[in-house]
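S.K.: sequence-free structure coming up:
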């Protein structure tokens with residue numbers, strides 16, 4: 001039986017250091033596993049090209065880049081990966097004439113790097129007259 005007020009006054013203490021450690025660990029986990037979306041929502045309006053009848057000459061050399069990144073020089077497929085097989089195929093077809101007009105016809109869905117690789121190969125070989133083929137826009141009424 002208890003007589004009087006002999007209760008002990010215990011001070012309750014919460015150790016928050018372990019909670020802070022858990023919160024920092026979760027914060028680091030979420031920061032490191034978050035995927036950052038870069039420019040996927042940005043709308044890009046590509047330039048339009050008009051089809052001028054004076055400039056419609058048959059190109060002497062055509063490089064085609066398909067959707068999967070395969071290269072074709074003229075009608076011949078380039079076998080192998082990388083820039084060296086492409087340069088070899090261009091040199092075989094073009095010969096020594098570096099003043100020829102070259103047209104790159106790339107699929108709209110091909111990665112940009114494939115077009116840059118074709119341009120780099122042409123630049124390394126010394127071609128200076130380069131154009132990229134586009135589809136002419138439909139002229140509306142009054143234009």
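M.R.: It's in. Note that the structure is a prediction, hence the values are computed from the model and not measured. Numbering: from 1, shown residues only.
S.K.: which parts of the chain are helices?
M.R.: Counting by DSSP state H, one finds helices in the chain at the ranges 17-33, 83-94, 112-125.
S.K.: what's the closest of those to residue 133?
M.R.: Closest approach to residue 133 among the helices of the chain (C-beta to C-beta): helix 112-125, 11.0 Å. Yep, even glycine has a C-beta here, placed from its N, CA and C like the rest.
S.K.: buried set for stretch 95-104?
M.R.: Going by neighbour count (16 or more other C-beta atoms under 10 Å), the buried part of stretch 95-104 is 102, 103, 104.
S.K.: and the residue lying closest to the first one once chain neighbours are set aside, what does it touch?
M.R.: Going back to what we said before, that points to residue 102. Distances taken as C-beta to C-beta, 6 or more residues apart in numbering place residue 61 nearest to residue 102, at 4.8 Å, with adjacent residues excluded. With contact taken as C-beta atoms under 8 Å, 6 or more residues apart in numbering, residue 61 is in contact with 73, 74, 90, 93, 94, 100, 101, 102, 103.
S.K.: quick check: which ranges of the protein have low pLDDT?
M.R.: In the predicted model of the chain, residues 1-10, 35-47, 50-60, 138-143 satisfy pLDDT under 70.
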